[in-house]
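# sequence first, then the predicted structure:
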Amino acid sequence: MSLTIDFSNKTVVVIGGTSGINRGVAMLFARHGARVAVASRSSDKVEDTVNALEALGGQAMGFTADVRDFVAIEEGLAKVYEAFGLFDVLVSGAAGNFPANVNGMSVNAFRSVVEIDLVGTFNVMKASFSYLKRPGASVINISAPQAFLPMEAQSHVCSAKAGVDMITRTLALEWGREGIRINSIVPGPIDGTEGVARLAPSGAVRQRVIDSIPLGRMGSPEDIAHACLFLGSDLSGYISGVILPVDGAWSQNGCGDMSSYLGNLARQKEKN
Ligand code: HXC
Ligand code: NAP
């Protein structure tokens, strides 16, 4: 059997698609022929990503919006619909993270991450609904191992990403009736990204993380993009409501000693 994944004449929207993992996802869909739209807060990052997508030869566009601002997201998505038509694939991956224990973070710090990751995902889902192709659209939320593994210094992310996965599962019920599939992808530690820079910045920690990954390496944005390509295509036409770790089995290992490492780091910071 030979497989071809072709997104020609399809519209793919990647919210938070202007750096790291999500930009890698946007680029891979573009390489497979899709019209791609990206969005994030920084106009420079949006412009740079649209240029990179266009350099691949296809159509691309972008808009700036904060996922915490429902109206801004709604207006941006309406522009994408006007230019590119109904959405075949929607990827929602905007997120924020910093290591801090509950005793070392303000109410606003906790709220910021919950509002970006969880309320932002709700906003993106809700604002997109009328533009999703039905039947046939595929929605992918980018989650994290913190959604199902408690981790010190990550109460905000754990709470928010657990909620993201529950939105995924709930909408698989509600939107399944309309022929829309919705799944979460849970990346492991992805090399060269902001997430790893924030949680495993030094050489020594980095090596400890790598040693704790059963497959023996960090992932790449392409590893996540390949899973998105599969979940976005008809090859996964009967898969919905799934939380899919793409992590070299890292989460099966409890993510090594990431939890105690981050907890100790945050306690040290609180003392200083
Ligand atoms: C304690 C902190 C803090 C820190 C910020 N805050 N950093 N508290 N420790 N290190 C507090 C601030 O003091 C403030 O509270 C509140 O958080 C909001 O901060 P702002 O800077 O005003 O917010 P904002 O500009 O909205 O920025 C949101 C952000 C920021 C999350 C704080 O870091 C951001 O924009 N991040 C986006 C990029 C990112 O994080 N990428 C990594 C995703 S990786 P007060 O009370 O002072 O007002 C990921 C999973 C990785 O999600 C998993 C790896 C395995
Ligand atoms: P990243 O490079 O920081 O990407 C985050 C993206 O979201 C950027 O495009 C950013 O652009 C945008 N964004 C952030 N806050 C936003 C907001 N309030 N409104 C709109 N856009 C916003 O992070 P990453 O490390 O690649 O992570 C990407 C995703 O993978 C996240 O969902 C993260 O939780 C998940 N993840 C990452 C890892 C990892 O190893 N990196 C592991 C597990 C899960 P602007 O700054 O322009 O807004």
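Thanks, I have the structure now. Numbering: from 1, shown residues only. Ligands and ions are numbered 1, 2, ... in the order given.
# what does the stretch 51-200 of the chain have sitting close to ligand 1?
Contact residues, the stretch 51-200 of the chain versus ligand 1 (Cβ under 6 Å from any ligand atom): 95-98, 100, 104-106, 108-109, 112-113, 116, 144, 157, 189, 194-195, 198-199. Just so you know, the C-beta spots here come from the backbone N, C-alpha and C atoms, and that holds for glycine as well.
# just the buried ones out of these, please.
The neighbour-count test (16 or more other Cβ atoms under 10 Å) marks 95-97, 100, 105, 112-113, 116, 144, 157, 189, 195, 199 as buried among these.
# on that earlier part again, in helices only, show me the residues of the stretch 51-200 of the chain next to ligand 1.
Of the positions in these, 108-109, 112-113, 157, 194-195, 198-199 sit in helices, assigned by DSSP state H.
# so which of these is the closest to ligand 2?
residue 195 (2.4 Å; Cβ to the nearest ligand atom).
# count of neighbours near residue 269?
Residue 269 has 13 neighbouring residues, counting by other Cβ atoms under 10 Å.
# let me know whether residue 41 touches residue 63 as I believe.
No - with contact defined as Cβ atoms under 8 Å, residue 41 does not reach residue 63; the gap is 10.6 Å.
# between those two, which one's more packed in?
Neighbours were counted for residue 41 and for residue 63 using other Cβ under 10 Å; residue 63 has more, 20 against 17.
# OK, contacts around the closest residue in space to the more buried one that isn't next to it in sequence?
Spatial nearest neighbour of residue 63, chain neighbours left out: residue 76 (3.6 Å); criterion: Cβ to Cβ, 6 or more residues apart in numbering. Residue 76 is in contact with 39, 63-65, counting by Cβ atoms under 8 Å, 6 or more residues apart in numbering.
# pretty sure residue 76 sits in a helix.
Yes - counting by DSSP: H, G, I helix; E, B strand; the rest coil, residue 76 is found in a helix.
# in the stretch 1-150 of the chain, where is pLDDT below threshold?
Scanning the stretch 1-150 of the chain for pLDDT under 70 picks out 1.
# separation between the residue nearest to residue 63 and ligand 2?
Per Cβ to the nearest ligand atom, to the nearest Å, residue 76 is found 10 Å from ligand 2.
# after the helix or strand harbouring residue 30, heading C-terminal, what element do we hit next?
Taking DSSP states H and E as the definition, residue 30 sits inside helix 20-31. Once helix 20-31 ends, the next helix or strand along the chain (criterion: DSSP H and E) is strand 35-40.
# what strands line up against that next one, and which way round?
Take DSSP bridges as the rule and strand 35-40 pairs in its sheet with strand 11-15 (parallel), strand 60-64 (parallel).
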